[in-house]
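S.K.: Just need the structure, nothing else, for what follows:
(2 chains)
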Protein chains: 2
Amino acid sequence: MKRACIVSVGNELLNSQTVDTNANWLCKQLLTFGIPTEGIWIAGDEIERIVSSLKQAAEIGDIIFITGGLGPTEDDITRQALADFLGVQLEFRQELLDKIEAFFKARKLAMPEINRTQAYIPKGGDAIENPVGTAPGIHAAAKGKDYFCLPGVPVEMKRMFDDTIRGRLESQRSGPIVLTGRISCYGAGESVIAQMLGDRMKRGRNPLINCTVSGGDITLHIVAQADNFEQAQQMIAEQKRELGEILGLLVYSTEDKSLAEVVGQLLRQKKITLATAESCTGGLLGKYITDIPGSSDYYLGGWVTYSNEAKIRELGVAEKLLQEYGAVSEPVARAMADGAVRKSGAGAALAITGIAGPGGGSEQKPVGLVYIAVKNGKNMEVRELRFAPFSREMIRQRAALSALNLLRLELGV
Amino acid sequence: MKRACIVSVGNELLNSQTVDTNANWLCKQLLTFGIPTEGIWIAGDEIERIVSSLKQAAEIGDIIFITGGLGPTEDDITRQALADFLGVQLEFRQELLDKIEAFFKARKLAMPEINRTQAYIPKGGDAIENPVGTAPGIHAAAKGKDYFCLPGVPVEMKRMFDDTIRGRLESQRSGPIVLTGRISCYGAGESVIAQMLGDRMKRGRNPLINCTVSGGDITLHIVAQADNFEQAQQMIAEQKRELGEILGLLVYSTEDKSLAEVVGQLLRQKKITLATAESCTGGLLGKYITDIPGSSDYYLGGWVTYSNEAKIRELGVAEKLLQEYGAVSEPVARAMADGAVRKSGAGAALAITGIAGPGGGSEQKPVGLVYIAVKNGKNMEVRELRFAPFSREMIRQRAALSALNLLRLELGV
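M.R.: Just a heads-up that it's a prediction; the model follows:
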């Protein structure tokens, strides 16, 4: 079985400016190939430190990943450090310079002279294409070990791993297989779900079930170990089926889809168009819906009626309702959803009004109070939600996700 | 000057279940004592790996922190690993067992037998009190170096650092103070900024300048070393002033404010209200603006006109324009901003229309093409932007941030 080590490079990782999330992401990807990570080294932007980390990593690992330090500036010295470690020179590659120049040209920019350094590669190594930035990655092999250098910018690192390295690892795969699967839930807390699952969340179990939480969204991670791919796949599928039965309507996806994606699928299937009317979420609900490519097929658009005037003018909310019940109230949420359907001609509408804080709360209407209305044809459902008043961001996130979840349930899963 | 190294222990840090945030937190605390962290090692729950990490760390550092692996279960072996590394035996301490038993007693629980292991300390070492858990920490000194073991649970680790270790470091303080400051920029790439700064980004300089990038947002980190606090503060201020002069309008904050916050401040100062008209960003711009508490003082609201019909109906965009130029065009961006001002009565408006992809692009109008219009009173500015077509998320993020930045410049910094 091959083993991996990771060297993360950058002063920003040692002076607390940045938390190293790249190594964690890489560990996860490598596990799916049955490759455990044996150690992680974080080194600053100094050749000596990078070289000594590489030496230590190479004592343990068969595959060494190095992230960071491939940029064009002076503190980007990973290229030189790898060359020193391998005992070779850096070599200029015209074809790399051509690509970097083309990258700038496509953006109608002149290439700054310093980007030239990115066209150098340790002799004997090969470049890994970077489709989303100027820094090419590097692959080198020495004494039976593979070295992969990737940029530190997460979006570039991930894209290059997916495009190039995944395929190489796939073709070399050996040893026990570790597969992971996910079940996405919404509508209950972590401890409620843990209680429903009981012993199934025990450590050391195979498949193992872990739980992570993000803004009310609960993900159950299933990690299955087996001798071959099919067996691991079957374990994941069986576990998904069992958990799905236990958790029922709390489960919105067993295929890594987001709530917005699941709702979009339902709208598309049922040929229903959607409009949104947002107050406290300020556009976040529309953002979630339009995160999904092709959402224009069912999403007509929406209103961010942040002021009372906008609610009246744009959605026809009666001034009387606002005076009598206040902007954060069930009748106003209802009127916003009504207005959104009426004005847009959409088949369904979601409306949100609430108090995201930190200011603006009162004893009767505390920070975290949110009303959500879903209108679908003639049906109207309104929910009062009370979130913990600890974070404006969390309240807004949960309000928008809860609206999507209400629509999911309304559309009949 | 003393230097630190950190060894983080735990299988969960290597199998992607947990991101190591402890080391980052420690780096930050240590910097305030003028102690830089020279390296971080992440090791799994294996004695051999922990010992070899300790050896490597002790070669570089004067103060070595070890977090994790102090729990009562079988995989908690940091105590034994430290003893092995120091070449001493573990020693049972009755007073520690008394404290652990008292911890359980106070919670009306019987102490599980396995917690007994937590009463052992490497011979010659001393225990660090844990007021929030059962695992005592460990301090040991050998060959002029200090070793501190702390639990991996962040709340316990931080509390013990604050209660015990902070005081010890304070009393030993010698050498320089390290302070950090930040400058936030928008509107140019990393390499352009690096070229403008030239030698100022040289490694080893004091103050040191590092650069991180996130979605087009560029942050320059200034790290200043000085003999005392006031001097370090002054260096940061002076460096901010100098970089501000060089970078000019690219700088939007020297005080860690977000673009939306800076724009909000300008709108508030100038008593200008704002409306938004979004197409491809689908609400993200409104979300950014309303991330800021109190944004209702200047933000009236907006439209997510995702369909052509919505652009016509809600913003009065002429059908002819859409037919002649297409929804993603300068005239339509202009008409959206005009419509948003006209309908909302706001003093200013931002409009965005573009192709976020992955579908919907053509040769003439590729994915990544975005038009942004800002209207302020009678002034109208429209920009054509071309982002790399690789990620829907990145295109939308940059489009929304670029719109905020255009408004910032329009409002006259």
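
S.K.: what about the strands in the stretch 201-350 of chain A?
M.R.: A:208-214, A:217-226, A:251-253, A:274-278, A:299-305, A:348-354 (DSSP state E, counting those that start in this stretch).

S.K.: Quick one: residues in contact with the second one.
M.R.: With CB atoms under 8 Å, 6 or more residues apart in numbering or on different chains as the test, strand A:217-226 has contacts from A:31, A:176-186, A:188-190, A:193, A:197, A:206-213, A:232, A:235-236, A:239-240, A:243, A:259, A:401. Where you see a C-beta, it was placed from the backbone N, CA and C, and this is true even at glycine.

S.K.: now with 6 Å?
M.R.: A:176-186, A:190, A:193, A:206-212, A:232, A:235-236, A:239 (CB atoms under 6 Å, 6 or more residues apart in numbering or on different chains).

S.K.: same check, this time on stretch A:236-252
M.R.: A:179, A:181, A:183-188, A:196, A:207, A:222, A:224, A:254, A:259, A:262.

S.K.: Narrow those residues to those in helices?
M.R.: Among the contacts of stretch A:236-252, the members found in helices (DSSP state H) are A:196, A:259, A:262.

S.K.: List only buried entries from the contacts of strand A:217-226.
M.R.: A:177-186, A:193, A:207-211, A:232, A:235-236, A:239 (16 or more other CB atoms under 10 Å in any protein chain shown).

S.K.: returning to what we had before: mind checking the strands of the stretch 201-350 of chain A for the one nearest to A:Ala57?
M.R.: strand A:217-226 (24.8 Å; CB to CB).

S.K.: mind listing what that closest one pairs with, with the direction of each?
M.R.: strand A:177-186 (antiparallel), strand A:208-214 (antiparallel) (DSSP bridges).

S.K.: Where among those is average confidence lowest?
M.R.: Of all the strands paired with strand A:217-226, strand A:208-214 carries the lowest average pLDDT, namely a mean of 75.

S.K.: Pull the distance from that strand to the chain's centre.
M.R.: 15 Å (CA atoms, centre = their mean, to the nearest Å).

S.K.: ok, and what's touching that strand?
M.R.: A:190, A:200-201, A:219-223.

S.K.: Can you find the helix or strand in chain A with the smallest mean pLDDT?
M.R.: Least confident helix or strand, chain A: strand A:208-214 with a mean of 75, by mean pLDDT, DSSP states H and E.

S.K.: Skipping adjacent residues, who's closest to A:Gln172 in space?
M.R.: A:Lys2 (7.4 Å; CB to CB, 6 or more residues apart in numbering or on different chains).

S.K.: where's the most centrally placed residue in chain A relative to A:Arg241, distance?
M.R.: By CA atoms, centre = their mean, chain A has its centre lying nearest to A:Ser258, at 9.9 Å. A:Ser258 sits 22 Å away from A:Arg241, going by CB to CB, to the nearest Å.

S.K.: mind checking which helix or strand A:Gln56 is in?
M.R.: helix A:47-60 (DSSP states H and E).

S.K.: orientation of that helix relative to helix B:47-60 in degrees?
M.R.: With axes from the mean of the first three to the mean of the last three CA atoms, to 10 degrees applied, the angle from helix A:47-60 to helix B:47-60 works out at 160 degrees.

S.K.: Pass me the low-pLDDT residue ranges in the stretch 301-413 of chain A, would you?
M.R.: A:413 (pLDDT under 70).

S.K.: Would you mind listing what in it touches chain B?
M.R.: Within the stretch 301-413 of chain A, the residues that sit near chain B (CB under 6 Å from any CB of the partner chain) are A:301-302, A:304-307, A:310, A:358, A:392.

S.K.: Show me just the buried residues among these.
M.R.: A:301-302, A:304-307, A:310, A:392.

S.K.: now those in CSV, with distance to B:Leu315?
M.R.: Converted to CSV, these look like this (distance: CB to CB, whole Å):
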residue, distance to B:Leu315
A:Gly301, 10
A:Gly302, 13
A:Val304, 13
A:Thr305, 15
A:Tyr306, 17
A:Ser307, 17
A:Ala310, 14
A:Arg392, 29
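
S.K.: Farthest-apart pair in these, please.
M.R.: Once CB to CB is applied, those give A:Gly301 and A:Arg392 as the farthest pair, at 25.0 Å.

S.K.: Let's see the helix holding A:Gln56 as PDB, backbone CA atoms only.
M.R.: The C-alpha trace of helix A:47-60 is given here as PDB (Å, rounded to 0.1, in the frame of the first residue of the first chain):
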ATOM      1  CA  ILE A  47      14.500  26.800   1.100                       C
ATOM      2  CA  GLU A  48      16.400  25.200   4.000                       C
ATOM      3  CA  ARG A  49      13.100  24.400   5.800                       C
ATOM      4  CA  ILE A  50      11.300  23.100   2.800                       C
ATOM      5  CA  VAL A  51      14.200  20.900   1.900                       C
ATOM      6  CA  SER A  52      14.500  19.400   5.400                       C
ATOM      7  CA  SER A  53      10.700  18.800   5.500                       C
ATOM      8  CA  LEU A  54      10.900  17.100   2.100                       C
ATOM      9  CA  LYS A  55      13.700  14.900   3.500                       C
ATOM     10  CA  GLN A  56      11.600  13.900   6.500                       C
ATOM     11  CA  ALA A  57       8.500  13.300   4.400                       C
ATOM     12  CA  ALA A  58      10.500  11.200   1.900                       C
ATOM     13  CA  GLU A  59      11.600   8.900   4.700                       C
ATOM     14  CA  ILE A  60       8.000   7.900   5.300                       C
END
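
S.K.: Can you tell me the strand partners of the next helix or strand after it and which way each runs?
M.R.: The helix or strand immediately downstream of helix A:47-60 is strand A:63-67, counting by DSSP H and E. Strand A:63-67 has the following strand partners under DSSP bridges: strand A:4-9 (parallel), strand A:145-150 (parallel).

S.K.: Taking strand A:217-226 as reference, get the angle to the strand or helix carrying A:Leu30.
M.R.: Assigned by DSSP H and E, A:Leu30 falls within helix A:22-31. Angle, helix A:22-31 to strand A:217-226, by the same axes, to 10 degrees: 40 degrees.

S.K.: What helices and strands are in contact with helix A:22-31?
M.R.: Where contact means 3 or more CB pairs under 6 Å, 6 or more residues apart in numbering or on different chains; DSSP states H and E, helix A:22-31 is packed against strand A:4-9, strand A:37-43.

S.K.: Residues touching the shortest one, excluding its own?
M.R.: With CB under 6 Å, 6+ apart as the test, strand A:4-9 has contacts from A:20, A:23, A:26, A:30, A:35, A:37-43, A:50, A:53, A:57, A:60-61, A:63-69, A:78.

S.K.: Number of residues surrounding A:Ile121?
M.R.: 25 (other CB atoms under 10 Å in any protein chain shown).

S.K.: Which phi and psi values does it adopt?
M.R.: phi -140, psi 140 (degrees, to the nearest 10).

S.K.: Now do the contacts for it.
M.R.: A:91, A:93, A:127, A:138 are the contacts of A:Ile121 under CB under 6 Å, 6+ apart.

S.K.: Please report how far A:Arg168 lies from A:Leu54.
M.R.: From A:Arg168 to A:Leu54 the distance is 20 Å (CB to CB).

S.K.: So the two - more neighbours on which side?
M.R.: Neighbour tally, A:Arg168 and A:Leu54, criterion other CB under 10 Å: the higher count belongs to A:Leu54, 24 against 13.

S.K.: So for the more buried one, what's the nearest residue that isn't a sequence neighbour?
M.R.: A:Phe85 (4.5 Å).

S.K.: can you give me the helices for the stretch 251-400 of chain A?
M.R.: A:259-269, A:284-290, A:308-315, A:319-325, A:330-344, A:392-410 (DSSP state H, counting those that start in this stretch).

S.K.: what bridges to A:Val374?
M.R.: Beta-bridge partners, per DSSP bridges, of A:Val374: A:Leu350, A:Glu381.

S.K.: Since that was my last question, I'll sign off now.
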